[in-house]
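[1] the following comprises the amino acid sequence and a computationally predicted model.
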Amino acid sequence: MNGTFVTFEGIEGSGKSTQARQLAERLRRTGREVVLTREPGGTALGRELRALLLASGSPVLPAAEMLLYAADRAQHVGETIAPALARGAVVLCDRFLDATLAYQGVARGLGMEIVRELHHRPPLDLRPHRTLLLDLEPGPALARARGRDAARAEGPDEGRFEAEPLAFHRKVREGYLQLAAAEPERVRVIAASGSEEEVASAVLREVSDLFPDLVERR
């Protein structure tokens, strides 16, 4: 990879989408090509899969859920992420493999190993240079996410995970923190309880080695 691949992770309502957009704006002001994308839904096929995966009330078995996410990721890497990295772009992705490990591997009870086995071969063997885990207590995070969904005047119904009980989101958070403890160089934990500006400053600190000029321009 000639480019730089950074992913944002966290439970529902942790603010990762907002922070990904802010970092993208800062990087673009330096003249870099930045591809801001997300999972699921980073391609045309992915948007169809997103509707299946996130629609409220849609019954999906855990194994099928994992495989649908993997299908979205295979298309996403091949069509969007790998080509962008090959031409030297910065790719910022809202969720990636760690989400599947935390949600399906831990919270759904499939186990992390089965998820990892599925991601051993191309194109699913791609790994980020840095992962920013926005960590927030599940109670406040879930309230924020549900409030956001209730305020939507239009758009697709994406409330299936927000409808899960608090215990589910606690398991997701535990899964994320396990991943961070196992790979501290790649996965950087950022407290997401502060203001948007405070979190953005923490994000910049955790990518300062990848983009040193961002800190200099502040």
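    All right, it came through fine. Numbering: from 1, shown residues only.
[2] wait, Leu92 sits on Val6?
    Yes: counting by CB atoms under 8 Å, Val6 is a contact partner of Leu92 at 5.3 Å. Using the backbone N, CA and C atoms, a C-beta is placed for each residue, glycine as well.
[3] who touches both of the two?
    Leu23 (CB atoms under 8 Å, 6 or more residues apart in numbering).
[4] can you list the buried residues in stretch 77-86?
    The neighbour-count check on stretch 77-86 (16 or more other CB atoms under 10 Å) flags Val77, Glu79, Thr80, Ile81, Ala82, Ala84, Leu85 as buried.
[5] kindly export stretch 124-138 (C-alpha atoms) in CSV.
    The C-alpha coordinates for stretch 124-138 follow below in CSV (Å, rounded to 0.1, in the frame of the first residue of the first chain):
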residue,chain,number,x,y,z
LEU,A,124,-10.3,-9.6,3.2
ASP,A,125,-6.8,-9.8,4.6
LEU,A,126,-6.3,-6.0,4.3
ARG,A,127,-5.5,-4.3,7.7
PRO,A,128,-5.5,-0.6,8.7
HIS,A,129,-2.4,1.3,9.6
ARG,A,130,-4.2,2.9,12.5
THR,A,131,-7.6,2.3,14.2
LEU,A,132,-9.2,5.0,16.4
LEU,A,133,-11.5,3.5,18.9
LEU,A,134,-13.9,6.1,20.3
ASP,A,135,-14.8,4.7,23.7
LEU,A,136,-18.0,5.8,25.5
GLU,A,137,-20.1,4.2,28.2
PRO,A,138,-23.0,2.3,26.4
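[6] related to what we said a few turns ago, which members of the buried residues of stretch 77-86 are positioned in helices?
    Among the buried residues of stretch 77-86, the members found in helices (DSSP state H) are Ala82, Ala84, Leu85.
[7] got CSV for the residues you listed, with pLDDT and distance to Ser14 too?
    CSV is the format used below for these (pLDDT from 0 to 100; distance: CB to CB, whole Å):
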residue, pLDDT, distance to Ser14
Ala82, 98, 27
Ala84, 98, 25
Leu85, 98, 25
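[8] pick the one among the residues you listed closest to Arg29.
    Closest approach to Arg29 among these (CB to CB): Ala84, at 18.5 Å.
[9] mind listing what the closest one touches?
    With contact taken as CB under 8 Å, 6+ apart, Ala84 is in contact with Gly3, Glu33, Val35, Val91.
[10] report the contact partners of Pro123.
    Counting by CB under 8 Å, 6+ apart, Pro123 touches Ala74, Val77, Gly78, Ala82.
[11] apart from its neighbours in sequence, what residue is nearest it?
    Spatial nearest neighbour of Pro123, chain neighbours left out: Val77 (4.2 Å); criterion: CB to CB, 6 or more residues apart in numbering.
[12] next one: Val215
    Leaving aside its sequence neighbours, Val215 sits nearest to Ser208 (CB to CB, 6+ apart; 4.8 Å).
[13] done for today, thanks.
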